[in-house]
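# Curious how this folds, go ahead:
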Amino acid sequence: MIVKGYYENFLTSLCEAFKTQRFLWGFKQVSDLDNVLSSPQSLVAFYVVNYGFAMIAKVIGQVETAGSFWPDEKKENRVIYRHRFAMQPLKISKCFLDASICTSGSKPGEDCFIRAGHVQEYIASECGMSREAATIPLASSAIPIINECKARKIIEYLQKSPLLVEFKVEPEEIMPQSPPRSEEYTSKNLAEKLRSWGIGEFIILLHLLSGKNVLLVGPPGSGKTSLLKNLLRTLGIEYRLETGNPEWTPFDTIGGLLTTGGVREGFVLNAVKRCKERLERDGKPYWLIIDEINRANVDLAFGKFFTLLDPAHREKEKLEVSGSGENSIEVPYVFRVLATMNSYDRALLFKLGYALTRRFAIIDHAFLRELPRRLGEYAEKAKIVFSGVQTKKSIEELAKSIGVDYDKVWRELTLCREFEGYVKDCVTPVDFADEVRGAGANAWRELVYVIDLSGGRVALDEFLLEVVAKVNEKLASFSDYELCPICPVQVTPGLVADALKYLAVGVYAYKKGLLEKAGLSVELSTYALLLLDTAFSTYILPQLDILADYASRERLQRGVAKAYGSSTSSTPLMKMLEDVERVLKERGLVYSAQLVEKISRGSHVF
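Okay, the predicted model is just below:
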């Protein structure tokens, strides 16, 4: 059997063989693959077009198509050779024994190949054929040699040739430029890079490490985009920057079919591919920044990627160009979208739907700037809040009443996959995921939620769940359907799960000394209350923001004075929100309480 192909594709497969000792090849036509697989015991002579024979190999078997691989496929951004199989190289031209050929960029000379004419003369001599009868057919991509003598003598000549030597790669020679790289994306490494930055940037990092995308909200010109760009540069994470555009469609973000038959790659798909390439190359992610995201109709433009913004959905779903039937790719768990939103021109721009914002950690840029001054307030509140903390219900009762599934939270915190068998891609940092997984589904809570304070041990997850349960109790007290058709609103389990993931990463960071590594000095009780407040304000309050419209309507209908004297049997909306605000203040969640107070006045906070 003769298999032929162009030099660039041959070299790509050979470089893969240096890593795996499997030589990948593919055909456009399934009939060519059938020809190869029909004689699995036969040896394959590989012919490089315009050069000559360069390798003898043994067929291993068919392999699944997994995206574009060879240079011409990558150039056209589509799968061309979809019918693929693997071979084990047995003998190869001595010019290709050194893996440095993969990076040198130079092409070998003609003396590195065995010319077909030389083989033809040997066949004619050994098989008693005319030179014309001994001609080697090279018209197809896979050429079965029907004549038994002819087939045998082709392999025999190649095996005898001193140019072909045994393909044997020593372990230290296998891709020497690729050391183990999982250690790059660890909480320790990233925290150390934030030295000389502030507590606000550290909080952004915690949200990202917990598996969330980040949406930074603030007025134009306040430095939101610069903050995100500088943060990623400091962390050593490359990124692509795009500015929101009202004309975006899935064709721009994901890609689509061209009239020429090719496929256009959208900027989201491009960023995802680069992220996977960076992980495989050096263990570092590649992220996407979208400036002024509310200038685009993102709910429509993101297409299927809307779902894949949530890392938990990336386990089984792939991103692909619609209608192409190919170009599908796994979105790395570690891939993130960081966005900015203009808070001044909301009325003139697209409103981000709740289903979209649910996939982001929504952070007020002004709050981050104020955070160093707020630490003193958190310190004072923490002395009161954490003194003799006791919950009236067990963690099991609280979780059941809210609908939180701790097993699911644990599993999503530890989701990982491997690239090339050794590069880990995890939702959370590799060191965190490994340690939490090692603790097991029963003991992990102790590691990531329980802290020792002067007043005793405190489980921050229990603290949060009790606050949520009380808030839900207050929310349930208002059910005036005429005024608020969506009431009673309740904090849903998914939001609480997101807050719990963030708390887990935050507590782990403190226990592992990562604040000190980042150059931050914060008391544990102060830090714990800050984590709880930012968890509630970031993940839970956006669901309550919708009540601002109904609070504004109530003010208009009844006036402030009449709001407390409503003739309905239900508690007025403003009174209910004041009760929620009081619960948060009592628990020291001062920033969350301020946001609820704004909502009660009819002002949107996100």
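# any idea of the mean pLDDT in stretch 147-156?
Across stretch 147-156, the average pLDDT comes to 88.
# Quick check: which element contains residue 463?
helix 460-475 (DSSP states H and E).
# Now that helix: buried residues?
460-472, 474-475 (16 or more other Cβ atoms under 10 Å). For glycine as for every other residue, the C-beta is placed from the backbone atoms N, C-alpha and C.
# Give the residue spans of the stretch 301-450 of the chain that score low on pLDDT.
323-327, 345-351, 388-392, 419-423 (pLDDT under 70).
# What ranges does it have for its strands?
Applying DSSP state E, counting those that start in this stretch to the stretch 301-450 of the chain gives strands spanning 337-342, 360-364, 416-419, 423-426, 450-453.
# Which other helices and strands does the fourth one contact?
The one in question is strand 423-426. Packing partners of strand 423-426 (3 or more Cβ pairs under 8 Å, 6 or more residues apart in numbering; DSSP states H and E): helix 267-282, strand 416-419, helix 430-448.
# same question, the longest one
Taking 3+ Cβ pairs under 8 Å, 6+ apart as contact, the helices and strands that strand 337-342 lies on are strand 213-218, helix 224-235, strand 286-291.
# Turn the ones you listed into CSV, columns for mean pLDDT and mean neighbour count.
Below are the helices and strands packed on strand 337-342 laid out as CSV (pLDDT from 0 to 100; neighbours: other Cβ atoms under 10 Å):
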stretch, mean pLDDT, mean neighbour count
strand 213-218, 94, 23
helix 224-235, 93, 18
strand 286-291, 95, 23
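# Looking at the strands of the stretch 301-450 of the chain, which is nearest to residue 585?
Closest to residue 585 of the strands of the stretch 301-450 of the chain, according to Cβ to Cβ: strand 360-364, at 18.6 Å.
# what angle do the closest one and strand 213-218 make?
Interaxial angle of strand 360-364 relative to strand 213-218 (axes from the mean of the first three to the mean of the last three Cα atoms, to 10 degrees): 20 degrees.
# what packs against strand 360-364?
If contacts are counted by 3+ Cβ pairs under 8 Å, 6+ apart, strand 360-364 sits against helix 199-209, strand 213-218.
# which stretches of the stretch 101-250 of the chain form strands?
Under DSSP E, counting those that start in this stretch, the stretch 101-250 of the chain gives strands at 142-143, 164-166, 213-218, 238-243.
# hang on, the earlier thing: closest one to residue 553 among the helices and strands packed on strand 360-364?
Evaluated over those, closeness to residue 553 peaks at strand 213-218, with 23.9 Å, by Cβ to Cβ.
# quick one: strands adjacent to that closest one?
According to DSSP bridges, strand 213-218 forms sheet pairs with strand 337-342 (parallel), strand 360-364 (parallel).
# how about the helices and strands packed on strand 423-426 in a markdown table, adding mean neighbour count and distance to residue 595?
Listed next are the helices and strands packed on strand 423-426 as a markdown table, based on neighbours: other Cβ atoms under 10 Å; distance: least, Cβ to Cβ, whole Å:
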| stretch | mean neighbour count | distance to residue 595 |
| --- | --- | --- |
| helix 267-282 | 20 | 31 |
| strand 416-419 | 15 | 35 |
| helix 430-448 | 17 | 26 |
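# possible to save those as a markdown table with distance to residue 216?
Converted to a markdown table, those look like this (distance: least, Cβ to Cβ, whole Å):
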| stretch | distance to residue 216 |
| --- | --- |
| helix 267-282 | 18 |
| strand 416-419 | 28 |
| helix 430-448 | 23 |
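# how about those, which one is nearest residue 486?
Here helix 267-282 is closest among these (Cβ to Cβ), at 31.6 Å.
# looking at the strands of the stretch 101-250 of the chain, which is closest to residue 123?
strand 142-143 (13.8 Å).
# Give the pairing partners of that closest one; include direction for each.
In the sheet, strand 142-143 lines up with strand 2-5 (antiparallel) (DSSP bridges).
# what element comes up after the strand it pairs with heading to the C-terminus?
That would be, after strand 2-5 and using DSSP H and E, helix 7-20.
# For residue 426, give the beta-bridge partners.
Beta-bridge partners, per DSSP bridges, of residue 426: residue 416.
# how close does it sit to residue 243?
30 Å (Cβ to Cβ, to the nearest Å).
# ok, these two, which is more surrounded?
residue 426 (25 against 13; other Cβ atoms under 10 Å).
# I figured that one hits residue 433, correct?
Yes. Counting by Cβ atoms under 8 Å, residue 426 does reach residue 433; the two are 4.3 Å apart.
# so what sits against both of these two?
414, 415, 416 (Cβ atoms under 8 Å, 6 or more residues apart in numbering).
# Any chance of the strands of the stretch 101-250 of the chain in a markdown table with distance to residue 87 as columns?
Putting these into a markdown table (distance: least, Cβ to Cβ, whole Å) gives the following:
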| stretch | distance to residue 87 |
| --- | --- |
| strand 142-143 | 12 |
| strand 164-166 | 15 |
| strand 213-218 | 42 |
| strand 238-243 | 35 |
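# Out of these, flag the one nearest residue 94.
Using Cβ to Cβ, the nearest of the strands of the stretch 101-250 of the chain to residue 94 is strand 164-166, at 4.9 Å.
# for the closest one, packing partners?
strand 83-93.
# Pull out the buried positions in the strand it packs on.
Buried, per 16+ other Cβ under 10 Å, within strand 83-93: 83, 84, 85, 86, 87, 89, 90, 91, 92, 93.
# Stretch 579-597 too?
The neighbour-count check on stretch 579-597 (16+ other Cβ under 10 Å) flags 579-581, 583-585, 587-593, 595-597 as buried.
# Residues contacting it, please?
367, 374, 377-378, 381-382, 384-385, 463, 467, 470-471, 474-475, 477, 529, 532-534, 536-537, 540-541, 544, 571, 577, 600, 605.
# Show the average pLDDT along that stretch.
95.
# gap between the two ends of it?
Counting by Cα to Cα, to the nearest Å, you get 10 Å between the two ends of stretch 579-597.
# where do the helices sit along the stretch 301-450 of the chain?
Ranges of helices in the stretch 301-450 of the chain, per DSSP state H, counting those that start in this stretch, are 305-308, 354-357, 365-385, 395-402, 406-413, 430-448.
# Okay, the residue in the chain sticking out farthest from the centre and residue 118: tell me how far apart.
Distance to the chain centre peaks in the chain at residue 128, reaching 62.8 Å (criterion: Cα atoms, centre = their mean). Taking Cβ to Cβ as the measure, residue 128 falls 18 Å from residue 118.
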